[in-house]
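> sequence first, then the predicted structure, then my questions.
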Amino acid sequence: MSTKYMVSGNNLFGQWFLNEPILEKFELLPKNNSPALKFDDLDIKDLKLLHMSWSYNIFQSRNGLYVSGAWDNNENVMKRLDIFTENEFRATDLLAAGNDDCLYVVDVNRLKLWIIDPASIKTSKFHPLDLEFNTLGKMEEEKNNVKVVKMIASNKSVYFLTNGGSIFSGVPPRYLDTSHCLGTVCDIACGYDHYILLTDVGQVYTWGSGKRFQLGHGDIDDLDKPKEVDALAGIKIAKVAAGGFHCLALSEFGDAYTWGWNDEGQLGVHYDDEDPSVENLIQYSIPKLIDIYYENDGNITIDIVDIVCGSKHSALKLEDNTVWMSGYNKYGQLGLPTKIFPFVKYFKKVYESCDDFKVICGIWSTVIEITSS
């Protein structure tokens with residue numbers, strides 16, 4: 001099994017090993033002139049993208065973790081992260097999340113957490129990661145079976161989701177009460193300061209800042225604990241995603257819903273420009289069904305199979321292996337020329353392939369992860 005990447009968007013700090021600061025079309029990575037070649041024990045074809053921030057990327061290989069881009073007050077960096085002791089690194093056991101101020105790396109099985117300052121390279125290490133099992137009333141022996149299955153980081157905190165559906169936030173982690181949520185939590189996502197969770201019965205809950213309507217409750221109230229998005233009640237949701245100040249939700253029937261801030265068209269909501277009764281809304285306070293149209297204005301009825309959010313852009317993968325995107329394009333994150341398309345208000349087809357692939361969005365970038373046997 002091999003993996004390769006196509007990327008568009010922000011490369012201002014050299015994080016994608018390319019010379020162009022703005023990638024306006026999807027470029028294949030890595031290229032033969034990659035600075036990664038200077039590591040004798042590193043096969044660049046073995047690199048797996050673990051995390052994207054605004055200014056740096058974290059890659060994983062069989063031999064270690066590598067950072068590219070802005071790091072330790074330098075740009076165009078490609079270096080190994082020497083945070084592991086001998087025999088401590090296990091490539092298959094790591095998750096990473098963070099922002100320009102802080103990088104979190106967690107060993108999902110041994111519950112170790114490393115916190116790294118990208119500017120000073122100061123590293124803090126916690127072992128074991130205390131997940132407050134007394135708060136949950138669990139038996140002590142159950143602690144040995146707990147794994148972290150997902151980690152997310154907003155501008156304000158870091159959140160951990162365990163294999164048992166428990167959520168913890170902060171360092172040291174504190175248990176987030178989700179006992180009022182129907183079903184077991186199976187996924188979490190976050191924007192800059194808001195959070196969304198999905199349960200295994202298809203219900204969606206949000207909390208955090210609501211000042212840009214990103215919580216989907218019809219108001220701008222902030223919430224300290226998860227609250228069900230009532231507008232999605234009765235619709236079984238299969239996946240959720242969060243952008244800077246907006247959200248997407250995908251139903252089990254292939255329909256997608258969106259809400260939140262829409263200042264750059266990131267919601268992709270289609271309306272009639274010539275209809276004077278329709279206001280060009282820059283926000284939607286409750287979930288709205290997404291419609292996708294061909295260039296000739298014909299409605300597309302192909303199911304949506306995946307949803308992804310960047311800071312101010314959104315991506316949909318359809319069942320026919322096409323990718324449609326909308327929103328902000330200042331850095332080429334839509335895979336389109338920036339001068340012609342500074343932003344796109346409606347979902348526009350930007351990529352298609354016969355290969356099996358996954359779409360990943362960074363803050364100002366988009367990656368197509370192609371897997372082949």
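Now that the structure is in, tell me what you want to look at. Numbers count the residues shown, from 1 in each chain.
> give me every residue that touches the nearest residue to residue 364 once chain neighbours are set aside.
Excluding the flanking residues, the one nearest residue 364 by C-beta to C-beta, 6 or more residues apart in numbering is residue 10, at 4.0 Å. C-beta here means a position set from N, CA and C on the backbone, and glycine is covered the same way. The neighbourhood of residue 10, defined by C-beta atoms under 8 Å, 6 or more residues apart in numbering, consists of 22, 23, 54, 331, 332, 333, 362, 363, 364, 365.
> bridged to residue 246, which residues?
Per DSSP bridges, the residues bridged to residue 246 are residue 260.
> how many residues are close by it?
When neighbours are defined as other C-beta atoms under 10 Å, residue 246 has 29 of them.
> ok, residue 9 next?
Counted with other C-beta under 10 Å, residue 9 comes out at 28.
> need the per-residue pLDDT for it.
On pLDDT, residue 9 comes in at 98.
> element containing it, please.
Assigned by DSSP states H and E, residue 9 belongs to strand 2-10.
> partners of that strand, with directions?
strand 22-29 (antiparallel), strand 365-372 (antiparallel).
> who wins for proximity to residue 119 among those?
Closest approach to residue 119 among the strands paired with strand 2-10 (C-beta to C-beta): strand 365-372, 21.1 Å.
> distance check, the residue nearest to residue 364 against residue 353.
As judged by C-beta to C-beta, to the nearest Å, residue 10 and residue 353 stand 22 Å apart.
> repeat for residue 123
Separation of residue 123 from residue 353 (C-beta to C-beta): 39 Å.
> same deal with residue 25?
In terms of C-beta to C-beta, residue 25 sits 14 Å off from residue 353.
> got it, and residue 337?
As for residue 337, its distance to residue 353 is 20 Å (criterion: C-beta to C-beta).
> same deal with residue 105?
31 Å.
> likewise residue 160?
34 Å.
> also residue 56?
Residue 56 is 27 Å from residue 353, where distance means C-beta to C-beta.
> which residues of the stretch 101-250 of the chain score low on pLDDT?
Residue ranges of the stretch 101-250 of the chain with pLDDT under 70: 127, 131-144.
> what's the most buried one of the strands paired with strand 2-10?
Comparing these by mean neighbour count (mean count of other C-beta atoms under 10 Å), strand 365-372 comes out on top with a mean of 19.
> mean confidence for that one?
When pLDDT is averaged over strand 365-372, the result is 93.
> what's in contact with it?
By C-beta under 8 Å, 6+ apart, the residues outside strand 365-372 that reach it are 1-11, 16, 23, 26, 49, 52, 308, 310, 313, 315, 323, 325, 331, 333-335, 351, 353, 355-361.
> just the CA trace of that strand, in CSV.
The C-alpha trace of strand 365-372 is given here as CSV (Å, rounded to 0.1, in the frame of the first residue of the first chain):
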residue,chain,number,x,y,z
SER,A,365,-4.8,24.5,2.1
THR,A,366,-6.4,21.3,0.6
VAL,A,367,-4.8,17.9,0.2
ILE,A,368,-5.8,14.9,-1.9
GLU,A,369,-4.4,11.8,-0.2
ILE,A,370,-4.3,9.0,-2.9
THR,A,371,-3.9,5.4,-1.8
SER,A,372,-2.9,2.6,-4.1
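> tell me the contacts of the residue lying closest to residue 286 once chain neighbours are set aside?
If the residues on either side of it in the chain are set aside, residue 286 comes closest to residue 231, at 4.4 Å by C-beta to C-beta, 6+ apart. Each residue near residue 231 by C-beta under 8 Å, 6+ apart is listed here: 216, 218, 286, 287.
> show me which pair in the residues you listed is furthest apart.
218 and 287 (10.0 Å).
> between these two, who's got more neighbours?
residue 287 (22 against 15).
> any idea which element the more buried one lies in?
Judged by DSSP H and E, residue 287 forms part of strand 283-289.
> residue 6 contacts residue 30, doesn't it?
No: Residue 6 is not in contact with residue 30 according to C-beta atoms under 8 Å; the separation is 11.4 Å.
> which of the residues in stretch 51-60 are buried?
Of the residues in stretch 51-60, 51, 52, 53, 54, 55, 56, 57, 58, 59, 60 count as buried by neighbour count, 16 or more other C-beta atoms under 10 Å.
> export stretch 215-222 to CSV, keeping only CA atoms.
Extracted as CSV, the C-alpha positions of stretch 215-222 are listed here (Å, rounded to 0.1, in the frame of the first residue of the first chain):
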residue,chain,number,x,y,z
LEU,A,215,-23.4,26.4,16.8
GLY,A,216,-26.5,26.2,14.6
HIS,A,217,-29.0,27.0,17.4
GLY,A,218,-30.5,30.1,15.8
ASP,A,219,-28.8,32.5,18.1
ILE,A,220,-25.3,33.9,19.1
ASP,A,221,-25.2,32.5,22.6
ASP,A,222,-22.1,30.8,23.9
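> centre of the chain to that stretch, how far?
Taking C-alpha atoms, centre = their mean, to the nearest Å, the mean C-alpha location of stretch 215-222 is offset from the chain mean by 22 Å.
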